[in-house]
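> just need the structure, nothing else, for what follows:
(chains A and B)
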Amino acid sequence: MSDPPLHRALGLTDDELDRIRETLDRDPNPNELAMYGVMWSEHCSYKSSKIHLRTLPTQGHHVLVGPGQDAGVVDLGDGLAVVFKMESHSHPSALEPYQGAATGVGGIVRDIVAMGARPIASLDPLMFGPLTQERNRWLFEGVVAGIGGYGNCIGVPTVGGEVKFAEPHSANPTINVMCVGVAPVDRLVTSDREVHEGSLLVLFGASTGRDGIGGVSVLASRTLEEGSDERRPSVQIGDPFAEKLLIEASLELVERGLLEGLQDLGGAGITCAVSESASRAGLGVELDLDAVPLRAPDLEAFEILTSESHERMLAIVHPSRLDDVREVCARWGLASPVVGRLVRGGGLRVVMGGATVAEVPARSLADEGPEYVRSMAEPADAAELRENDPTFATITADPREAFLAVLSSPNVASKRWVFEQYDQLVQGGTVLGPGADAAVVRIEGTLKAIALATDGKGRFGRLDPYLGAAHAVAEAARNVATVGAEPLAITNCLNFGNPERPEVMWQFAESVRGVADACRALETPVTGGNVSFYNESGGSAIWPTPVIGMVGSLQDHRFVVRPAFRHGDLVYLLGETFPELGGSEFSEVVIGAISGRPPALDLDRERALHRLLVAAAASDVVSSAHDCAEGGVAIALAESAIAGDTGFAIAVPGDLPWYASLFSESASRAVVSVAPEKAVALEELAAAHGVPCAVLGETGGPRMVFDTVFEVTVEEARALYEDAIPRLLAG
Amino acid sequence: MNGSPRIGVVTFPGSLDDRDALRAVRFMGGEGVPLWHADPDLRDVEAVILPGGFSYGDYLRCGAIARFAPIMDPLVRFAARGGPIVGICNGFQILCEAGLLPGALIRNRSLRFVCRFVDVRVETSLSPLTEGLVAGEVLRVPVKHGEGQFVASADDLARVEERGLVVFRYCAPDGAIDDACNVNGAANAIAGVRNEAGNVVGLMPHPEHAVDPDLGPTGGQPMLASLLSRALARV
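Residues are numbered from 1 along each chain as shown, chains lettered A, B, ... in the order given. A predicted model of the protein is given here:
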C-alpha cells in the first residue's frame, strides 16, 4: 500500500489537479497545492452550491451589500447600516464541542468587524440529537458552554437563536451562529474602497500556530467517520480576550479612517485573506512569511499559509498611515507586523527564508475555483413518507395528556437552561432577549431598533425540502413581524449532507428553490450566508436544514409587542387553521410519526399577516402577539399564558376535531390579545389587510381552559415547560 | 459647574460593561468620565466605577491581573481619602484582589455562567450605593457571571457580618432569604459588601443594566442615584 498522492490527501480531485496545472502551466509545488486545497475546498469555493445559489434574489431597496463580501448590509435609514451574517461550526463542534462552538462565535464576529461595524448581537440556532443519549448531552452542554464562554467574554450579547432535537443530528449536531452589527453607512469597509498599489498588508492580532490547519478542507468538506477524533487538531482553540482587543482595535482603526481594506482571517487563513484582498483590488501581492509572528518556531510554509489560528485580522494600509495603525494596535497590546504589499499584476508571490515558496494568480485561488453541476435524485422514500399523513390517523390520545406531552417536548419546552448561560444584556440595548418571537435590540442614540430571528424547519424539510425551506423564511419573517418589526432581509446557513450523493443534492436544490421563492414573495432578499455540506456519517445525513436569519426594523422600540398575556383581554387568532398535522410536533410526540405533508404555504396570505402585525404594533392595538409554530395554537396560547402568568378560557375554534384545531401547524397564523375597547380596531385592521380574525376567548385567572376539552393550571404548565430540559440533562 | 457629579469608569483591556456604566451614569444625570487602565490619575472625578467584564481575559483568576494596572495606585489613594468606589461584577473581583474589600469570588455553585434578573435586599444604608435606602428594601437587578459566589474565611465572614459590611443579599421577591434564590451559592447569600470606612462597595449584580424602564426592571436606579448624591457631596 502506498500513500495517496498529495493532492488527494489535501482534498483535491485529479481533475482539479489538472486544472491547477493548466492555470500555472507547470506542476504545482506542495505549498501551492496546500493553498489550492483549502481555497478550492467545498467550504471556501462553494463548488457544488454555486450554480444554485445564483438563483437566490439578492436585490432590494434596503440592500447595501449583497452576497460575496464578509457580511451582508442593509440600510436602516438615518445614515445607519445593519451588517449581518450566519455561519456554521458544526464539524469542529462534533469533535470538540466547547472549542468548536466558541471559535464559531469568534469567526462570525470578525466577519462583522471586517465590514467596519460594531457587533451588537449574536444568535445561535442549534440542532442536536435527543438528550436521552449521553453523548448528545455532552455535545449539548459543551456547545452551550462554549458559546457562552466565548460570547460572554467579548461583550456581544447573545439575544436569541433556537434549539431543536432530532435523531439524525446525533452524530452531526448543527451549530450555526449569526452575528449582527451596526455602523454608519459612510464608515462601512466595503470592497469598493480604493486600494493602492504599494499599500501594505498588516497582520494584526494573535500569532499563527498549528491549530486549525486544514479546517475547511479536512474537517468541513468531508464527512465525519470512524476515527474522526484524530482530526481534533484541526479544531482551533479560541482566545476571547484577544478577540475583544481585536474588535476594539479594528473599530478604532476604521473610525479614524486609517484603512483601505480590512479582512478577517477565518477559513483557509492567510491564504484566503490575502488572495481575496488582491483579487478584489485587481492587484497582486508579495507575502513575506518570515514576518508572520509564530507560536512555534518550526512552522513550515504550508502550515503558515493554511493555519486557521483565530483572532487575526488583515488590514490594507497606505504607507503614510502605517505609524498611526501600529500605534493603535500597540495601545490594545496587539502585534501588527507588515507581512506583505500590494503590487502590480495579479500574482500572489509567497517568500520565506529569501526564497519564493509559492507563486500563483490570486484570482485563480479566490474566484476561479471549480464549479460542479452535481446529479440530483429525489430520495426513494419521499413519496411514501408524504402519503402516510398523520392528519388522517385515528387519534385516541387523551387531549390533556397530549397537550402536556407536546408542551414538555424538548423542541417546545423552555430553553432557559441554555440562554441563561449567555450574557443577554451587555451593551445595554436588549429590549427583547431570548425566548421571545424575535429578539429586539435598540440602536444607541435613536428610537430605532432591529428585530432578529433565526428559524430552521428540519422536520418539514425532511418531508418536503422545498416547503421546509419556504416555511423557514416565512416563520422567520413572521417572528420579526410579531414583535412589530418590518422584515428587511435574510442571511442563511444551509446545512446538508454529502453533496456528492444525488439525494442530498436534490434536497439542497429544492431548499434553495424554497428560500428563493419565499424571499421573493416576502421581499426579503438574501444578503449572504454559508453552506455547510458533509453533515453525515455512515451514509446517513442530517435533515436538510436551511436556517434563516431574518433582520427587521422597528421605527420606535417603545412599540415592541411581547408575547405575554395580561388579565382582562380578548384573545384572537389571526389566520386560518386547516387539518395539517404532517410533520407536526403533535405527530412526532403523540403519534410517533415523522411523516405526511408539511402544511401548505400561501406566501400572499403570509405577507398580509406580517403587514397586519406590523400595523397593529405601530398603532398600539394589541397587548400581546405570539406566532403559531411548533405545537400550533395550543402551545402559542400556553406560552403567552406562562410568559404573562395569566390564564385564559377559549372556545376551540371551527369544526375541526380538537387535535387538528389545537395542534395543526398551519402557516400564517398568530395569537394576539387586545383590550376589549380595542377589539373593533383590531377587527377592522385585520379586515383591511384581508386576514381572517376570530375571537377565541379571554385572558385571566390561574387556569388555561381549552373549551370543554381540558384544562391545566398555568403553574402546572410552567413547571413542565421549565423543567423538561434540566430533567433530561439529569440523565 | 452645572452641579452634575463626575463619575469615572475605568476601562481595562477586556472590560465589557464600561460603556454601559457610562451610559447609566448619564441616564441618572451624572457626567460619565472614561478612565483608561494605564492612566496615571483619576482626572479629578468624584467617584469611580470599576465595571464588569473579563479584565485581561481573567485567565489567571478574576481580577488578579487588573489589580496591578497603573490606575490602581491612584485608586487606592482615592479610597484612602474616602472617595466613593463601586466595583460591579469583575470590578468587585478586582477590589477583592486588591484588598480593598473582604472576601473573594469563586465559581458559581452550578458551575455554569448565569444571566438572570434577581432580587437583592438592602442590608445597610451605609454604602455609596444605598445612601437614602432603607434596610429591607428589595431591588430587582440582573446578574451575569460565572464566578460570583462570595466566599470568605470563617473569621472574615464573621467580621463582615458583625461589622455590618454586607450591603446586599440575594432574596425572594418579598425579601425573604431563601436558598433557592441564592443565584450563585454565595456565603450567607451575600451579593455585595463594603469596606469598614463605608466608601468602597462591590457587588455581583449589575445596577447599570437596570436603570432604563424601556429595557426592564429598574432596581439599579436607586443604587446609582445614591452614588451620584454621594459624589455630588464631594464636588
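> any buried residues in stretch A:347-356, and which?
Neighbour-count burial for stretch A:347-356, counted by 16 or more other Cβ atoms under 10 Å in any protein chain shown, picks out A:347-352. The C-beta positions use only the backbone N, C-alpha and C, and glycine is treated the same way.
> so which residue is dead centre in chain A?
Closest residue to the average C-alpha location of chain A: residue A:86 at 3.9 Å, with Cα atoms, centre = their mean.
> and the strands in chain B?
B:6-11, B:31-36, B:47-50, B:85-88, B:104-106, B:114-122, B:138-145, B:149-151, B:166-171, B:190-194, B:200-203 (DSSP state E).
> longest helix of the chain?
I'll assume chain A. For chain A, the helix with the greatest residue count under DSSP state H is helix A:502-522.
> try again with chain B
Per DSSP H, chain B has its longest helix at helix B:220-232.
> in contact with the residue of chain B found nearest chain A: list those residues for me.
Of all residues in chain B, residue B:57 sits closest to chain A, at 2.8 Å by Cβ to the nearest Cβ. Residue B:57 sits next to A:153, A:239-242, B:14 when contact means Cβ atoms under 8 Å, 6 or more residues apart in numbering or on different chains.
> what's the most distant pair in those?
Greatest spacing in those, by Cβ to Cβ: A:239 and B:14 (11.2 Å).
> more crowded one of these two?
residue B:14 (25 against 22; other Cβ atoms under 10 Å in any protein chain shown).
> list the contacts for the more buried one?
If a contact means Cβ under 8 Å, 6+ apart, then residue B:14 has A:153, A:241, A:244-245, B:53-58 as its contacts.
> likewise residue A:426?
Counting by Cβ under 8 Å, 6+ apart, residue A:426 touches A:152, A:155-157, B:16-17, B:20, B:52, B:144.
> can we see that at 6 Å?
Residues in contact with residue A:426, defined by Cβ atoms under 6 Å, 6 or more residues apart in numbering or on different chains, are A:155, A:157, B:16-17.
> mind checking how far it is from residue A:155?
From residue A:426 across to residue A:155, the span is 5 Å (Cβ to Cβ, to the nearest Å).
> same question, residue A:370
Separation of residue A:370 from residue A:155 (Cβ to Cβ): 41 Å.
> kindly report the same for residue A:50.
36 Å.
> and if you look at residue A:680?
Here residue A:680 is placed at a distance of 47 Å from residue A:155 (Cβ to Cβ).
> how many other residues sit next to the residue nearest to residue A:555 when sequence neighbours are not counted?
Taking Cβ to Cβ, 6 or more residues apart in numbering or on different chains as the measure, residue A:555 lies nearest to residue A:448, with 6.3 Å between them; neighbours along the chain are not counted. When neighbours are counted by other Cβ under 10 Å, residue A:448 registers 19.
> and residue 59, what's its pLDDT?
Since no chain was named, I'll use chain A. Looking at residue A:59, its pLDDT is 94.
> oops, chain B please
pLDDT for residue B:59: 80.
> any idea of the mean pLDDT for stretch A:633-649?
Mean pLDDT, stretch A:633-649: 98.
> could you grab the helix/strand/coil label for whichever residue of chain A sits closest to chain B?
For chain A and chain B, the shortest gap (Cβ to the nearest Cβ) falls at residue A:241, measuring 2.8 Å. Assigned by DSSP: H, G, I helix; E, B strand; the rest coil, the conformation of residue A:241 is helix.
> got it, and residue A:474?
Three-state assignment for residue A:474 (three-state DSSP): helix.
> which residues touch it?
Shown in contact with residue A:474 (Cβ under 6 Å, 6+ apart): A:518, A:601, A:606, A:667.
> count of neighbours near residue A:6?
Neighbourhood size, residue A:6 [other Cβ under 10 Å]: 14.
> from residue A:42, how far off is it?
Separation of residue A:6 from residue A:42 (Cβ to Cβ) stands at 19 Å.
> hmm, back to that, which among the contacts of residue A:426 gets closest to residue A:365?
Taking Cβ to Cβ as the measure, residue A:365 sits nearest to residue A:155 out of the contacts of residue A:426, at 34.5 Å.
> can you name the residues of chain B that neighbour chain A?
B:13-14, B:16-17, B:20, B:23, B:54, B:57, B:112-116, B:142, B:144, B:209 (Cβ under 6 Å from any Cβ of the partner chain).
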